[in-house]
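Student: need the 3D shape of this:
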Amino acid sequence: MKTIAFIPARYAATRFPGKLMQMLGDKTIIRHTYENTKATLLFDEVIVVTDSEIIFKEIIQHGGYAIMSKREHESGTDRIAEAVADIEVGLVVNVQGDEPFVKKEMLENLLAAFKHDSKEEIKVASLMHLIADEQIIANPNHVKVVVDKNDNALLFSRSVIPFHRDKNIEPVYFKHIGIYAFRKNALMDFTEWQPSILEVTEKLEQLRYLENGIKIKMVLTDESPVSIDTPEDLERAKKIM
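Tutor: Sure thing, here's the model as predicted:
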């Protein structure tokens with residue numbers, strides 16, 4: 001099954017405009033993300049999809065593969081769907097452009113969810129990481145997810161979920177890592193639906209799938225890479241570098 005990783009790369013990010021072109025060590029954030037994804041050797045192609053000539057040139061000038069979006073898009077998933085519409089591919093992986101520390105093991109675990117799914121019951125999968133840090137749990141920039149007994153997502157939220165009402169019970173919290181794998185037909189279906197109420201409220205595009213009855217298989221990973229959502233995240237990433 002042909003597998004392609006797409007990296008949606010929007011220049012004018014709401015919380016941190018131009019973040020993907022910020023320097024992290026001797027490379028830009030988007031270049032780290034692209035090169036680290038490609039270095040996993042898990043994909044037939046790795047492609048940056050962007051609305052920015054600046055990002056496009058950054059990738060092309062360093063020997064990478066990038067394409068320009070033809071239209072404005074509300075989400076990275078919509079941006080990828082435009083790019084993949086005329087490409088023959090079985091599985092599409094969305095690696096967010098602000099994930100410069102993406103690693104092979106986590107992507108390998110995500111792809112493994114589809115390997116034994118002969119009936120193609122899994123349409124969409126994503127990653128989650130167990131968290132205990134109260135600051136991360138309470139921080140709306142870190143999206144939380146709750147799952148059912150089969151590790152299918154019940155809800156994603158920027159709020160604290162589950163709410164810890166009964167102090168005699170120790171709740172389990174999972175942080176959502178915004179890397180997805182889609183079967184192509186599920187990705188194209190996404191573009192046919194209007195943004196859903198929960199999606200617009202939380203500004204979380206994955207909620208569109210849940211509100212349209214599509215399950216998202218969550219894969220547990222030990223990795224919790226630093227994503228760059230704010231200037232403070234960038235400073236943390238520089239310390240890690």
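Student: could you use CA atoms for every contact and neighbour count after this?
Tutor: OK.
Student: could you pull out the buried residues of the host helix or strand of Ile7?
Tutor: Under the criterion of DSSP states H and E, Ile7 resides in strand 3-9. Of all the residues in strand 3-9, those buried under the rule 16 or more other C-alpha atoms under 10 Å are 3-9.
Student: which parts of the chain are strands?
Tutor: 3-9, 23-24, 27-28, 45-50, 66-68, 91-95, 124-131, 144-147, 153-157, 173-183, 216-220 (DSSP state E).
Student: kindly reformat those as CSV containing mean pLDDT and distance to Arg165.
Tutor: CSV is the format used below for the strands of the chain (pLDDT from 0 to 100; distance: least, C-alpha to C-alpha, whole Å):
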stretch, mean pLDDT, distance to Arg165
strand 3-9, 95, 38
strand 23-24, 91, 41
strand 27-28, 94, 43
strand 45-50, 95, 43
strand 66-68, 93, 48
strand 91-95, 96, 35
strand 124-131, 97, 18
strand 144-147, 98, 16
strand 153-157, 98, 17
strand 173-183, 95, 14
strand 216-220, 97, 25
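Student: relative to Glu82, which of these is closest?
Tutor: Nearest to Glu82 among the strands of the chain is strand 45-50 (9.4 Å), distances taken as C-alpha to C-alpha.
Student: strand partners (parallel or antiparallel) of that closest one?
Tutor: strand 3-9 (parallel), strand 66-68 (parallel) (DSSP bridges).
Student: surely Thr221 and Glu108 touch.
Tutor: No - contact criterion C-alpha atoms under 8 Å: Thr221 and Glu108 do not qualify, at 10.2 Å.
Student: so which of those two has more stuff around it?
Tutor: Between Thr221 and Glu108, counting by other C-alpha atoms under 10 Å, Thr221 is the more crowded of the two (16 against 12).
Student: pull the contacting residues for the more buried one.
Tutor: Residues near Thr221 by C-alpha atoms under 8 Å, 6 or more residues apart in numbering: 106, 109, 127-129.
Student: ok, so of these, who is nearest Glu72?
Tutor: Nearest member of these to Glu72, counting by C-alpha to C-alpha, is Leu127, at 27.0 Å.
Student: find the nearest non-adjacent residue to the closest one, please.
Tutor: Distances taken as C-alpha to C-alpha, 6 or more residues apart in numbering place Val219 nearest to Leu127, at 4.8 Å, with adjacent residues excluded.
Student: residue contacts, that neighbour?
Tutor: Counting by C-alpha under 8 Å, 6+ apart, the residues that Val219 touches are 109-110, 113, 125-128, 151.
Student: cool, and Val92?
Tutor: With C-alpha under 8 Å, 6+ apart, Val92 has these contacts: 3-6, 181-184.
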